[in-house]
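> sequence plus the predicted model coming up.
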Amino acid sequence: MPPEPTPPTTGQQRGQRLLFVAGLFAALLNYPLLAVFDHDGRVAGVPTLYLYILLTWLLLIALTGWLVRGKE
């Protein structure tokens with residue numbers, strides 16, 4: 001007997017996931033974590049704080065795009 005297909009994601013579920021992502025990234029870009037990366041260290045000549053913000057921002061874009069483009 002084949003497994004039952006999963007129900008499609010509703011707009012409300014997608015909205016809840018996007019709200020969770022917004023909260024997650026608000027926490028990741030808040031002062032306590034930014035202070036961890038705010039020192040004189042460098043990675044390939046780029047300050048670690050700048051690199052952290054850039055990578056976090058790129059992850060936000062990728063995750064949001066993945067959630068929005070999911071199967072409808």
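That came through, no problem. Keep in mind the model is a prediction, meaning the values are calculated, not measured. Numbering: from 1, shown residues only.

> remind me which helix or strand Ile61 belongs to.
Here Ile61, judged by DSSP states H and E, is contained in helix 48-68.

> pull out the buried residues from that helix.
52, 56, 60 (16 or more other Cβ atoms under 10 Å). For glycine as for every other residue, the C-beta is placed from the backbone atoms N, C-alpha and C.

> most centrally placed residue in the chain?
For the chain, Leu60 is the residue whose C-alpha lies nearest the centre (Cα atoms, centre = their mean; 3.6 Å).

> okay, it: pLDDT?
pLDDT recorded at Leu60 is 95.

> make sure it is actually in contact with Val21.
Yes. Under the contact definition of Cβ atoms under 8 Å, Leu60 touches Val21, with a separation of 7.2 Å.

> how much space is there between the residue lying closest to Phe37 once chain neighbours are set aside and Asn30?
Of all residues not flanking Phe37 in the chain, Tyr52 sits nearest, at 4.2 Å (Cβ to Cβ, 6 or more residues apart in numbering). Separation of Tyr52 from Asn30 (Cβ to Cβ, to the nearest Å) stands at 12 Å.
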